[in-house]
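> sequence below, structure please.
(one chain, ligands or ions: 2)
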Amino acid sequence: MTTTTQSYKALTDESAIALAESLNFFSQGAKLESQEIGDGNLNYVFKITDGESGKGLIIKQALPYAKVVGESWPLTLKRATIEANALKKHGEFVPELVPAVYATNEELAFTVMEDLSHLTIAREGLISGEAYPKLSADIGKYLAKTLFHTSDFALHPFEKKRLAVEFSNPELCKITEDLIFTDPFFDHETNDFEPELQTAVEAIWNNGPLKLEAAKLKKSFLTEAEALLHGDLHTGSIFASETETKVIDPEFAFYGPIGFDVGLFLANLIAQAVTREGEKREAVIRHIENTWKVFSSTFSELWEEKGIEAFKDTKGYKEFVLEKIFQDAIGFAGCELIRRTIGLAHVKDLDGIEEPERRIGLKKQVLQTGEALIVKRKDLPTIAAVIALVEEQN
Ligand SMILES: Nc1ncnc2c1ncn2[C@@H]1O[C@H](COP(=O)(O)OP(=O)(O)O)[C@@H](O)[C@H]1O
Ligand SMILES: CSC[C@H]1O[C@H](OP(=O)(O)O)[C@H](O)[C@@H]1O
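Ligands and ions are numbered 1, 2, ... in the order given. Below is the predicted model:
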């Protein structure tokens, strides 16, 4: 792997090809093609291919601003290094569930990584009705292993605190603090929703008990440095097929509350489940159930086998930790559902529903589900209770 330095310049197709050639990944003289395929909110993604051998590489480059808004929203280039280092750190524990990183460049803010084009972004696949049988078992495992192994339950406190400093990510955290935990609960200019949702949205802005619980969840996000999170684990950050799962895009990585990653993934499954009916809905509901099942059992096994905490065998402590993660996750899921419906960044699962009456009806239900998950999170003892609540509201 190479790490080099130079002053920043945005890549073009030509310079991306030149960069790929310099890496000795393709055979000499290969006729390379480049295509900018980034569909996310923030960065450029160049796919470099050799048509003859079929080999490919991905070069992801951060821009000094948020792509979705433009130069008026400056954003640190350091996020590229955070993302590459998080892929590498998480890759120590789940190499089979993240792309390999081949090269990084801090000044040019790019990461060269494994091309996963043989897979589909899970959100897209789920919208077109895929079931992805391995998805929840793989993500449950990814969550348990990455979060346990980077926490105080597995690391010497010096190493844990060193990592927390390395992954200090204030600008990207601020985006989450604003877009997930603050703006949707106030009449803020970043919010974006259909006029038909005005009454439902105003009810959120005027709901004191809901806002109090959202404030508590925001405080957890701001202060609880429990483990190295992915930080934005939605279904658009996951590549999947029938047999494989890979998690990409951890540029929001930082030391935060374990339940945040779990909750974001669950929320995005809920936003998909409510758009489905019958057996297809059931398949996604089973993923919701299985994610928690696999996460909690794997986390529990790691605790028993690899835990270094002095209180690890103290009766009731592991159960307390898992219960706290569960309650946090359900609350964070509620915040994610609300922001994906009325905040700045929506999801195609809901926005892509063409028939307006159905779309608005589902969005109203999702808002109610989000509110209920936040307010009732301490009265929902099991994942079955959470699923029953989702089904009741929808
Ligand atoms: N390793 C990869 N292999 C193939 N395609 C990728 C890879 N990484 C990203 N992409 C493509 O680029 C898109 C945007 O990537 P992402 O990391 O989500 O960017 P952003 O940070 O801007 O959200 C993905 O949805 C996917 O289509
Ligand atoms: C202006 S950032 C909005 C939103 O975008 C990020 O997601 P992604 O990069 O995967 O598209 C993140 O969820 C932010 O909250």
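
> domains in this protein, by residue range?
Domain assignment for the chain by automatic domain parsing gives 13-114, 120-393.

> chain neighbours aside, what residue packs nearest to Thr298?
With C-beta to C-beta, 6 or more residues apart in numbering as the criterion, Thr298 has its nearest non-adjacent residue at 3.5 Å, and that residue is Ala144. The C-beta positions use only the backbone N, C-alpha and C, and glycine is treated the same way.

> average pLDDT for stretch 31-51?
Taken as a whole, stretch 31-51 carries a mean pLDDT of 94.

> give me the residues contacting the helix or strand where Arg162 lies.
Using DSSP states H and E, the element containing Arg162 is helix 157-166. Here helix 157-166 makes contact (C-beta atoms under 8 Å, 6 or more residues apart in numbering) with Asn85, Lys89, Thr150, Ser151, Asp152, Leu155, Ala225, Leu228, Tyr255.

> redo that, cut-off 10 Å
Residues outside helix 157-166 that contact it (C-beta atoms under 10 Å, 6 or more residues apart in numbering) are 81-82, 85-86, 89, 150-156, 225-228, 253-256, 308.

> check contacts around the residue of the chain at minimum distance from ligand 1.
The chain approaches ligand 1 most closely through Gly40 (1.9 Å), counting by C-beta to the nearest ligand atom. By C-beta under 10 Å, 6+ apart, the contact set of Gly40 is Lys60, Lys67, Val68, Ile121, Asp232, Gly236, Ser237, Ile248, Asp249, Glu251, Ala345.

> for the helix or strand where the first one lies, name the packing helices and strands.
Read it as Lys60. Assigned by DSSP H and E, Lys60 falls within strand 56-62. If you count contacts as 3 or more C-beta pairs under 10 Å, 6 or more residues apart in numbering; DSSP states H and E, strand 56-62 packs onto helix 13-22, strand 32-36, strand 43-50, helix 78-91, strand 101-105, strand 110-114.

> can you check which of the ones you listed gets nearest to Glu304?
Glu304 lies closest to helix 78-91 among the helices and strands packed on strand 56-62, at 21.9 Å (C-beta to C-beta).

> now that closest one against strand 101-105, angle please.
150 degrees (axes from the mean of the first three to the mean of the last three C-alpha atoms, to 10 degrees).

> show me the contacts for the closest residue to Ile308 other than its chain neighbours.
Among residues not flanking Ile308 along the chain, Ala154 sits closest, at 6.3 Å (C-beta to C-beta, 6+ apart). Ala154 makes contact with Phe93, Lys145, Leu147, Phe148, Lys160, Ala227, Leu302, Trp303, Lys306, Gly307, Ile308, Glu309 under the criterion C-beta under 10 Å, 6+ apart.

> repeat for Ser128
Thr120.

> show the pLDDT at it.
Taking Ser128 on its own, its pLDDT is 98.

> and it, how far from Asp192?
Using C-beta to C-beta, to the nearest Å, Ser128 is found at 25 Å from Asp192.

> ok, which stretches of the stretch 201-350 of the chain are strands?
Taking DSSP state E, counting those that start in this stretch as the test, the strands found in the stretch 201-350 of the chain are 227-229, 238-240, 245-247, 254-256.

> now the ones you listed in CSV, with mean pLDDT?
What follows is the strands of the stretch 201-350 of the chain, written out as CSV (pLDDT from 0 to 100):
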stretch, mean pLDDT
strand 227-229, 99
strand 238-240, 98
strand 245-247, 98
strand 254-256, 99
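
> just those strands: most buried one?
strand 227-229 (a mean of 29; mean count of other C-beta atoms under 10 Å).

> which strands and helices lie in contact with it?
Using 3+ C-beta pairs under 10 Å, 6+ apart: strand 227-229 touches helix 78-91, helix 135-149, helix 157-166, strand 254-256, helix 258-273.

> make CSV out of the ones you listed and add distance to ligand 2.
Output for these, formatted as CSV (distance: least, C-beta to the nearest ligand atom, whole Å):
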stretch, distance to ligand 2
helix 78-91, 10
helix 135-149, 16
helix 157-166, 21
strand 254-256, 13
helix 258-273, 9
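
> out of the ones you listed, deepest packed?
A comparison of the helices and strands packed on strand 227-229 by mean neighbour count, using mean count of other C-beta under 10 Å, puts helix 258-273 on top with a mean of 28.

> and the angle from that helix to helix 135-149?
170 degrees.

> helix 258-273 close to ligand 1?
No: no part of helix 258-273 sits near ligand 1 under the criterion C-beta under 6 Å from any ligand atom; the closest distance found is 13.4 Å.

> what about the residue nearest to Ile308, which SS state?
Following DSSP: H, G, I helix; E, B strand; the rest coil, the label given to Ala154 is coil.

> up against ligand 1, what does the protein have?
Neighbours of ligand 1 within the chain, by C-beta under 6 Å from any ligand atom: 37-43, 45, 58, 60, 99, 113-117, 121, 237, 248-249, 251.

> check those residues against ligand 2, which are close?
For ligand 2, the contacts drawn from the residues of the chain next to ligand 1 by C-beta under 6 Å from any ligand atom are Gly40, Asn41, Leu42, Ser237, Asp249.

> in this structure, which helix is the longest?
Criterion DSSP state H: the longest helix present in the chain is helix 278-306.

> now for that helix, which elements pack on it?
Checking 3+ C-beta pairs under 10 Å, 6+ apart, helix 278-306 ends up next to helix 122-127, helix 135-149, helix 258-273, helix 317-342, helix 383-393.

> with that, I have no additional questions.
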